[in-house]
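J.: Predicted model, plus sequence, below.
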Amino acid sequence: MSSAKRSNEPIVWFLFGTGGFFAAYFLPIHVLLYGIAFPLGLLHDPGYATTLALLEHPLVRLYLFALLTFCFFHAAHRMRLTLSDVLNMRHLNTILAFLCYGGAIAGTICAIWLLAVVP
Amino acid sequence: MPQYPQYQLKAYRPRMSAYWYLDQWHYLRYALRESSSFFVAWFCVVTLVQIAALSAGPTHYAHFQALMKYPAMIVINVVALGFFLLHAFTWFNLVPRVVVRQVLGKPTPNILSSAPNFMVWFGASVIVALFILGVF
Amino acid sequence: MPETIILEVERFHPERDTEPSYQSFEVPLRADWMVLDALNHIKDQLDGTLAFRWSCRMGICGSCGMTVNGVPKLTCETMLMDYAPGPVRVGPLAHFPVIKDLVVELDDFLAKLQKVRPWIVRKDDYQPKREFIQSPAQLEAFHQFSLCINCTLCYAACPVSGLDANFLGPAAIALAHRYNLDSRDQASDDRLDIVSQHEGIWDCTVVGECTTVCPKGVDPSLAIQQFKLTATQEWFKSFLMPRGKN
């Protein structure tokens, strides 16, 4: 299996695929609550204290870390392919890869930093 | 290689239109499905901001809550929800089928591979919602 | 009900034209006619210079693939009536070089097909004295992917094959999958190496149109995604156990 070892595509595809499941399972409810229901007052926003207490649980932080990291890489991979194929930017492939995956790595570092410094 | 290239007729090489995804509904659906990625990135950033606001204190979190109430913000998030649902439906109809076929090694009705995912999706959403709402 | 239908046929003459144009023909609209019958009517009765490929008229030779109203179709099993009242646009398969009118050049596709060695490869020097025994379950594992007739409709439907001429393409990868799943074959590692190059499976972005247009239900998209899964599994295996395969 020499070439499968040489190519970096499998690891990118693995991150993309796992992120696809995370995004499909969990993002709709997140955006529905924090992005729509709470701001519109359709549901009662539990507020700062409850949300912080939730965030202080290590498992919640682990969940958020996994969700954000996998979703960032999922989005990065798909954005690169969308820009290169749908918007005909194949000639910029190297720059796109740098920007998209670089963005995902930056997002992951932000997530680690924020989740590690929570009081 | 042809021996007499000057007598070889030139074939016409078609070029793809820059707007090929508008040619057919199936292509447009694909382009929309892939565009969900921009909203995934968007909401991940929103969540990062939320975590940052939470750890910065109650004043900052109030700012975050006020930010989310801007009409433009709500519109973007409604659009994002639409794209997430498109992503979820297309994903559950496509990816589990590949995994199940790989594991079982034989053709399996698509409903058997996708249905459990829709159930897990529903269950996971309810559990996450109960946690966020502070029920647990 | 109208008794005729207009067929707008793409014409390209390599000696005269720099790009194709459409020519309209009025043909009888008969309930039992396929689009191919209408083209044969044009060739026999209206304009003998029209060039197109066809052979079996029963959806198995794979030579009459054309673009009908923007969608790749085997014209021998595409009812003319379905497009009434018309007009119907018939063009050559997309993404292929056009030799004349509706005839496309397949050299590139045939070269790609050969790359994946779509035949049973034995690495031992086993000389069979009788047929290889294969159970129904072993047959079922690859049967669907063995139905490909090389009609290249999937290439015409695939935007990636239009954007990247080097993309190995749906049919070639589906056939590589077909032989890799065959219990008699011994070259699955070689084929995985060939298809896991960038121009192989990783170029595919799962538009899924190859599967939609396939007249034989082969599902090349599934084959490609399964290959991606296999390549990823092998990547992790070689990462965790660098010498594991010895």
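T.: Good, I have the coordinates. Numbering: from 1, shown residues only, chains lettered A, B, ... in the order given.
J.: so who does the closest residue to C:Val35 other than its chain neighbours touch?
T.: Among residues not flanking C:Val35 along the chain, C:Thr75 sits closest, at 4.1 Å (CB to CB, 6 or more residues apart in numbering or on different chains). All C-beta spots, glycine's among them, are computed from the backbone N, C-alpha and C. Shown in contact with C:Thr75 (CB atoms under 8 Å, 6 or more residues apart in numbering or on different chains): C:Met34, C:Val35, C:Leu36, C:Leu39, C:Trp54, C:Cys64, C:Gly65, C:Met66, C:Val68, C:Val90.
J.: right, and out of the residues you listed, which lies closest to chain A?
T.: Checking the contacts of C:Thr75 against chain A by CB to the nearest CB gives C:Gly65 as the nearest, at 23.5 Å.
J.: quick one on the thing from earlier: just checking, which of the contacts of C:Thr75 belong to helices?
T.: Residues of the contacts of C:Thr75 located in helices (DSSP state H): C:Val35, C:Leu36, C:Leu39.
J.: Nearest to B:Asp23 among the residues you listed?
T.: Closest approach to B:Asp23 among these (CB to CB): C:Val35, at 19.5 Å.
J.: now the helices: where do they sit in the chain?
T.: All of this is about chain A. Here chain A has its helices, by DSSP H, at A:2-6, A:9-30, A:38-40, A:47-55, A:58-81, A:93-117.
J.: wrong one, chain B
T.: Here chain B has its helices, by DSSP H, at B:25-56, B:58-67, B:71-104, B:110-132.
J.: Chain C too?
T.: Assigned by DSSP H, the helices in chain C fall at C:35-41, C:107-115, C:136-143, C:153-157, C:159-163, C:170-180, C:188-195, C:209-213, C:220-240.
J.: any idea how far the residue nearest to C:Val35 is from chain A?
T.: Distance of C:Thr75 to chain A, computed by CB to the nearest CB, to the nearest Å: 29 Å.
J.: Give me the buried stretch members for stretch B:117-129, please.
T.: By neighbour count on 16 or more other CB atoms under 10 Å in any protein chain shown, the buried set for stretch B:117-129 is B:Asn117, B:Phe118, B:Trp121, B:Ala124, B:Ser125, B:Val128, B:Ala129.
J.: so does it get close to chain A?
T.: Yes. Counting by CB under 8 Å from any CB of the partner chain, chain A has neighbours in stretch B:117-129: B:Asn117, B:Val120, B:Trp121, B:Ala124, B:Ser125, B:Val128, B:Ala129.
J.: which among the contacts of C:Thr75 gets closest to B:Phe84?
T.: Lowest distance from B:Phe84 to the contacts of C:Thr75 (CB to CB) belongs to C:Val68, with 36.1 Å.
J.: Burial check on the closest one, number of neighbours?
T.: Using other CB atoms under 10 Å in any protein chain shown, C:Val68 has 20 other residues around it.
J.: distance of the residue lying closest to C:His41 once chain neighbours are set aside from C:Cys64?
T.: Nearest residue to C:His41, sequence neighbours excluded (CB to CB, 6+ apart): C:Val27, at 5.2 Å. As judged by CB to CB, to the nearest Å, C:Val27 and C:Cys64 stand 16 Å apart.
J.: Spatially central residue in chain C, please.
T.: Centroid-nearest residue in chain C, with CA atoms, centre = their mean: C:Thr152, separated by 2.4 Å.
J.: got a list of what C:Leu229 touches?
T.: Going by CB under 8 Å, 6+ apart, the list of residues near C:Leu229 reads B:Val98, B:Val99, B:Gln102.
J.: filter the residues you listed down to the ones near chain C?
T.: Among the contacts of C:Leu229, the residues lying close to chain C (CB under 8 Å from any CB) are B:Val98, B:Val99, B:Gln102.
J.: Quick one, which of the residues you listed are buried?
T.: The buried subset of the ones next to chain C among the contacts of C:Leu229 - by 16+ other CB under 10 Å - is B:Val98.
J.: returning to that earlier point: correct me if wrong: the residue nearest to the centre of chain C contacts C:Phe96.
T.: Yes. With contacts counted by CB atoms under 8 Å, C:Thr152 reaches C:Phe96, the gap being 7.2 Å.
J.: what is in contact with those two at once?
T.: Taking CB under 8 Å, 6+ apart as the contact rule, C:Thr152 and C:Phe96 both touch C:Val104, C:Leu106, C:Phe109.
J.: okay if I get those as a markdown table plus pLDDT and distance to chain A?
T.: Putting the shared contacts of C:Thr152 and C:Phe96 into a markdown table (pLDDT from 0 to 100; distance: CB to the nearest CB, whole Å) gives the following:
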| residue | pLDDT | distance to chain A |
| --- | --- | --- |
| C:Val104 | 96 | 23 |
| C:Leu106 | 95 | 24 |
| C:Phe109 | 96 | 21 |
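J.: Name the member of those with the most neighbours.
T.: Within those, neighbour counts (other CB under 10 Å) peak at C:Val104, which reaches 25 neighbours.
J.: List the contacts of that one.
T.: With contacts defined as CB under 8 Å, 6+ apart, C:Val104 is in contact with C:Pro92, C:Leu93, C:Phe96, C:Pro97, C:Val98, C:Thr152.
J.: likewise C:Tyr126?
T.: If a contact means CB under 8 Å, 6+ apart, then C:Tyr126 has no contacts.
J.: measure it to chain A for me?
T.: Distance, C:Tyr126 to chain A, by CB to the nearest CB: 24 Å.
J.: Counting neighbours, what do you get for residue 103?
T.: Using chain A. Per other CB under 10 Å, the neighbour tally for A:Gly103 reads 18.
J.: right idea, wrong chain: chain C
T.: 18.
J.: Just give the closest residue to it, not the sequence neighbours.
T.: Using CB to CB, 6+ apart, the closest residue to C:Val103 is C:Ala51 (5.1 Å).
J.: Run a quick check on that neighbour versus C:Asp101, I expect a contact.
T.: Yes. C:Ala51 is within contact range of C:Asp101, at 4.3 Å (criterion: CB under 8 Å).
J.: The two: which has the busier surroundings?
T.: Taking neighbours as other CB under 10 Å, C:Ala51 and C:Asp101 compare with C:Asp101 leading, 23 against 15.
J.: interface residues of chain C facing chain A?
T.: For chain C, the contact set with chain A under CB under 8 Å from any CB comprises C:159-160, C:163-164, C:189, C:192-193, C:196-198, C:202, C:205, C:228, C:231-232, C:234-239, C:245.
J.: returning to that earlier point: if we only consider the contacts of C:Leu229, which is nearest to chain C?
T.: The shortest approach to chain C among these belongs to B:Val98, at 4.1 Å (CB to the nearest CB).
J.: The closest residue in space to the closest one that isn't next to it in sequence: neighbouring residues, count only.
T.: Leaving aside its sequence neighbours, B:Val98 sits nearest to C:Gln225 (CB to CB, 6+ apart; 4.1 Å). For C:Gln225, the neighbour count with other CB under 10 Å is 24.
J.: how long is stretch A:36-47 end to end?
T.: 15 Å (CA to CA, to the nearest Å).
J.: Give me the distance from that stretch to the chain's centre.
T.: Computed by CA atoms, centre = their mean, to the nearest Å, the chain-centroid distance of stretch A:36-47 equals 23 Å.
J.: mind listing what's buried in that stretch?
T.: Under 16+ other CB under 10 Å, the buried positions of stretch A:36-47 are A:Ile36, A:Ala37, A:Phe38, A:Pro39, A:Asp45, A:Pro46.
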